[in-house]
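> mind folding the following:
(2 chains)
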Amino acid sequence: GESVGLHLPTLSVQEGDNSIINCAYSNSASDYFIWYKQESGKGPQFIIDIRSNMDKRQGQRVTVLLNKTVKHLSLQIAATQPGDSAVYFCAENGQGAQKLVFGQGTRLTINP
Amino acid sequence: DTGVSQNPRHKITKRGQNVTFRCDPISEHNRLYWYRQTLGQGPEFLTYFQNEAQLEKSRLLSDRFSAERPKGSFSTLEIQRTEQGDSAMYLCASRFFGLDTDTQYFGPGTRLTVL
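Below is the predicted model of the structure:
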């Protein structure tokens, strides 16, 4: 069945460093991927998305990389700030599927 | 703020009681989704609507759960005879289907605690 998972449950980085959060997916038919940020007590907040016909997409301080060969997705956050502390989820919308399938999440903590 | 809104934000109830949550999607979004999220896990799909039609329901949605979107705008999710296992965050999301984007925008959620 479909599954989206993350390699690491927690990630701790120094303020100002770059963060890389990884995600593996198993549904090779997935054609849309999305990253959300969730702060404690809040709903998931959209960060960036990418379609399967792309391998890289950039936003403000964030970059998503997609490697379809190994079914791997990553989120890069440049110059990590204290406000980036949150749980980050990747999700996929498998081809033809109308719902998002989420992974477990990675908690990002920022050290001063 | 024209984002997705949910009410109430928190609900504490006793086992066996019925509860109802409301979701107001982003204006003009024709698709509305309900997800459930337990502590430490990612959201899990429950059901979704296109306008007023409920198009898919997850196996997670037992007979005690019912969702409606009567006028294709706001939606309600009712849980009857609540059980302690129903304790979770219930999230609503919306999107406009028909544009070249699959982005779903989430509300703040309703946290349900069943005692």
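> quick check: residue B:83 vs residue B:92, distance?
For residue B:83, the distance to residue B:92 equals 21 Å [Cβ to Cβ, to the nearest Å]. For the C-beta atoms, the positions are set from N, CA and C on the backbone; glycine is no exception.
> ok, the two, which is more surrounded?
residue B:92 (29 against 12; other Cβ atoms under 10 Å in any protein chain shown).
> tell me who's in contact with whichever residue of chain A sits closest to chain B.
Chain B sits closest to residue A:102 of chain A, with a gap of 3.0 Å, by Cβ to the nearest Cβ. Residues near residue A:102 by Cβ atoms under 8 Å, 6 or more residues apart in numbering or on different chains: A:4, A:36, A:89, A:90, A:91, B:42, B:43, B:44.
> next one: residue A:48
Residues near residue A:48 by Cβ under 8 Å, 6+ apart: A:34, A:35, A:57, A:59, A:62, A:63, A:64, A:75.
> for it, pull up the helix or strand it's in.
Taking DSSP states H and E as the definition, one finds residue A:48 inside strand A:45-51.
> direction included, what does that strand pair against?
Using DSSP bridges, strand A:45-51 pairs in its sheet with strand A:30-38 (antiparallel).
> what's opposite residue B:7 in the beta bridge?
residue B:22.
> look up phi and psi at the residue of chain B found nearest chain A.
Residue of chain B nearest chain A, by Cβ to the nearest Cβ: residue B:42 (3.0 Å). The phi/psi pair for residue B:42 (degrees, to the nearest 10) reads phi -80, psi 160.
> can you count the residues close to it?
Using other Cβ under 10 Å as the criterion, the residues surrounding residue B:42 number 23.
> residue A:83 now?
Using other Cβ under 10 Å, residue A:83 has 9 neighbouring residues.
> now do the one 10 residues further on
Neighbour count of residue A:93, defined by other Cβ under 10 Å: 21.
> please identify the residue most distant from the middle of chain B.
residue B:100 (23.9 Å; Cα atoms, centre = their mean).
> confidence score at it?
As predicted, residue B:100 sits at a pLDDT of 70.
> could you do residue A:2 as well?
Residue A:2 is given a pLDDT of 44.
> do residue A:34 as well
pLDDT, residue A:34: 95.
> bridge partners for it, pull those for me.
residue A:49, residue A:91.
> so it sits against residue A:44, correct?
No - assessed by Cβ atoms under 8 Å, residue A:34 is found out of contact with residue A:44, at 9.3 Å.
> between the two, which one's more packed in?
Neighbours were tallied for residue A:34 and for residue A:44 using other Cβ under 10 Å; the higher tally belongs to residue A:44 (30 against 22).
> tell me the contacts of the nearest residue to the more buried one once chain neighbours are set aside?
Leaving aside its chain neighbours, residue A:44 sits nearest to residue A:36 (3.7 Å; criterion: Cβ to Cβ, 6 or more residues apart in numbering or on different chains). Shown in contact with residue A:36 (Cβ under 8 Å, 6+ apart): A:44, A:45, A:46, A:47, A:88, A:89, A:90, A:91, A:102, B:106.
> again with residue A:64
A:33, A:35, A:48, A:49, A:50, A:56, A:57, A:73, A:74, A:75, A:76.
> these two touch, right, the fifth one and residue A:57?
Yes - with the criterion set as Cβ under 8 Å, residue A:50 and residue A:57 qualify as a contacting pair; they are 4.6 Å apart.
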